[in-house]
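> got a predicted model here, sequence first, then my questions.
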Amino acid sequence: MNAPIAKSTKVITGNAAAAYAAMLCRPDVVSAYPITPQSELVEQLAKFHADGVLDCEYVTVEGENSAQNVVCGASMAGARAFTATSSYGLVYMYDAMFNTAGYRAPVVMVNVNREPPGIHAVCSGQQDMISVRDTGWVQLIASNCQEILDLTIQAFRLAEDYDIQLPVIVNYDGYYLSFLAEAVNIPADNEVDGFLKVLETQPERPKLTPGQAQGCGSHGIGLGYVELRRKHMDAMERVKAKVDDIDTEFAKAFGRSYGGQVEEYKTEDAEIVLVTSGSAAGTARAVVDAKREAGMKVGLVRLRLYRPFPVQRLAECLKGKKAIGVLDRSIAFGWNCGPLYQEVKAITPEIGIVPMLSFIDGLANMDITKEHIGSMIDNIQSAARGESYEEVTWLP
Amino acid sequence: MTGKEIRLHGRGGQGAVMAAKMLASAFAIEGKSVASFPMYGFERRGMPVVAFTRFDEKPILEKTQIYTPDLLMVVDPTLLAISTLFDGLKTGGVLILNSNKPFTTRPSANLAKVGRIDATSVAMEEIGRDIPNTCLIGALAATTGWVSLESVLKGLSEYLEGSMLEKNIRNATRGYKEVEVQSWDS
């Protein structure tokens, strides 16, 4: 049993917020390997465990591939399992991630966004998250320290839901959020217990049990494979409404709501919209306020759910707008644009043809400044007026 | 008081990053919204480190680095030699400096006030190691009046305990009491 955790407000980093959230969800098994800019999270969890505050099986491993296999196996045996990584660590567990998703093991993993290998940049960037897009994991993105805590709790609720049973990644920007210290409301343990209690009322998910002959993920040739893929895909589609429902449940329990799959800011009467995710959204909100004061009808849409892609909700937000810009902290090789832009552009049939602009900024710790976002909004505005525009802009 | 932006310059191992967080905690204790983060590449002792702290009456939305600080804190005196140190300092800006030498000339036209203390010597006496950060936080409180010494000391207890807390309370209190303030008219 964990030591009791009382409700408090503390100035803590995003990494510490994630560690508190994971502890509050009472994982049975934690296995993780430290890596910048995530190390503090793993150190904090290890300290909670060593101090006797967190009661779990803490499995130290020699690398991330083993960490993923440990939490996958534990989850298949019925455990609540947690791991955390970033960048090199994420791609080092790439094959194991397919297993976890394919076995429908509801592991929760934090991924602290950092540039992947190639050009050695120990720096923020969302390319790591993009590179595991098609592993079959659900992916969420947080935008501040409070949301990191809240979304990690919500991730356990989502992953283990009987209708879902999929592993979930909680992403947040390295440096700009992982090392950012803000005041965070830490709920009491019994409040989190209450929030997750609904899982106990659901049918028990299948688990591997010693002495019982069962197979999982070993074979699926031909139609068997197709059936499992279809079921996985269907569960992925159910995630969308579930994320909205969980946001509502969470608001009832804790008084904080984030809008579910996407968060809209001043979009209702907006003529132009900027779409983005993560820490840049906070800065963008401040710029939208300033542009509104200057009379510009601009709104902001923040993606909180990356996989599955919130096609229908986004279409509702973007329909009828005169021009749309998408700010990416990563690139889509082969498409000469940002990956989120590529996907927003793919919903053109739902929203109609309007000017769409891709902005690439914030690679390798480059700061997405207010000035940069201001110039993006100005570009979207002039495109909306019918002036010529560049489809893809790299900043700075 | 409107919000303020603080940029800290130190070297890996001197506690500049910790100082930025401790400052955030002190302002939070006084009911302010706070945000603080460091920016560095590869973690190495002795490498220059920059850290940022914001505080405001209203929520802080932006997650950006600080380009136009109200205050600079220089934890390592050798960093005074960086040509870009004073870049963006607002008019009427403040410098909190770890140094045993007063300025003979004004180092930046925008600089209005310097709170200077030989924080390395104080830290060697109080802690026995060159960790000047908490002494400079005390100096900041005395020089600016933005935060009380009481809140600073209370903030320290969120990061330290036992004898290290006691040593750093003495370190910060001496910074508060012994800082030498030098001003220039605008």
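Received the coordinates, thanks. Residues are numbered from 1 along each chain as shown, chains lettered A, B, ... in the order given.

> C-alpha only now, for contacts and for neighbours.
Will do.

> what helices or strands is the helix or strand residue A:315 falls within leaning on?
Using DSSP states H and E, residue A:315 sits within helix A:311-318. Applying 3 or more CA pairs under 8 Å, 6 or more residues apart in numbering or on different chains; DSSP states H and E, one finds that helix A:311-318 contacts strand A:262-265, helix A:348-351.

> most tightly packed of those?
Looking across the helices and strands packed on helix A:311-318 with neighbours counted as mean count of other CA atoms under 10 Å in any protein chain shown, the highest average goes to strand A:262-265: a mean of 20.

> just the mean pLDDT for that one, thanks.
In this model, strand A:262-265 has an average pLDDT of 98.

> what comes up buried for the helix holding residue A:315?
Buried residues in helix A:311-318, counted by 16 or more other CA atoms under 10 Å in any protein chain shown: A:314-315, A:317-318.

> next: stretch B:46-66.
B:48-56, B:60-66.

> which residues touch residue 173?
Unless you meant another one, I'm taking chain A. Counting by CA atoms under 8 Å, 6 or more residues apart in numbering or on different chains, residue A:173 touches A:112-114, A:124-126, A:143, A:278-279.

> if you could check chain B rather than the one you did, that'd help
Counting by CA under 8 Å, 6+ apart, residue B:173 has contacts B:135, B:138, B:149.

> report pLDDT for it.
98.

> three-state assignment of it?
In the three-state summary, residue B:173 is assigned as helix, counting by DSSP: H, G, I helix; E, B strand; the rest coil.

> still on that earlier bit, moving C-terminal from the helix holding residue A:315, which element do we reach first?
On the C-terminal side of helix A:311-318, the closest following helix or strand by DSSP H and E is strand A:323-328.

> can you tell if that next one touches chain B?
No - using CA under 8 Å from any CA of the partner chain, we find that strand A:323-328 stays clear of chain B, coming within 15.0 Å at best.

> pull out the buried positions in that strand.
Neighbour-count burial for strand A:323-328, with 16+ other CA under 10 Å as criterion, is recorded at A:323-328.

> near chain A, which residues of chain B are found?
Residues of chain B that fall close to chain A, judged by CA under 8 Å from any CA: B:21, B:24-25, B:28, B:33-39, B:41-42, B:61-65.

> interface residues of chain A facing chain B?
Residues of chain A that fall close to chain B, judged by CA under 8 Å from any CA: A:11, A:121-123, A:175-177, A:179-183, A:279-280, A:282-286, A:367-370.

> quick one, what contacts the residue of the stretch 51-200 of chain A found nearest chain B?
Proximity to chain B, evaluated over the stretch 51-200 of chain A using CA to the nearest CA, is greatest for residue A:180 at 4.4 Å. For residue A:180, the contacting residues are A:12-14, A:145, B:35-38, by CA under 8 Å, 6+ apart.

> pull the most distant pair out of those.
The largest distance within the contacts of residue A:180, taken as CA to CA, falls between A:145 and B:38 and amounts to 15.0 Å.

> which SS state does the residue nearest the centre of chain B fall under?
Taking CA atoms, centre = their mean, the centroid of chain B lies closest to residue B:73, which sits 4.0 Å from it. Reduced to three states with three-state DSSP, the structure at residue B:73 is strand.

> I figured it hits residue B:15, correct?
No - taking contact to mean CA atoms under 8 Å, the distance of 11.9 Å between residue B:73 and residue B:15 leaves them out of contact.
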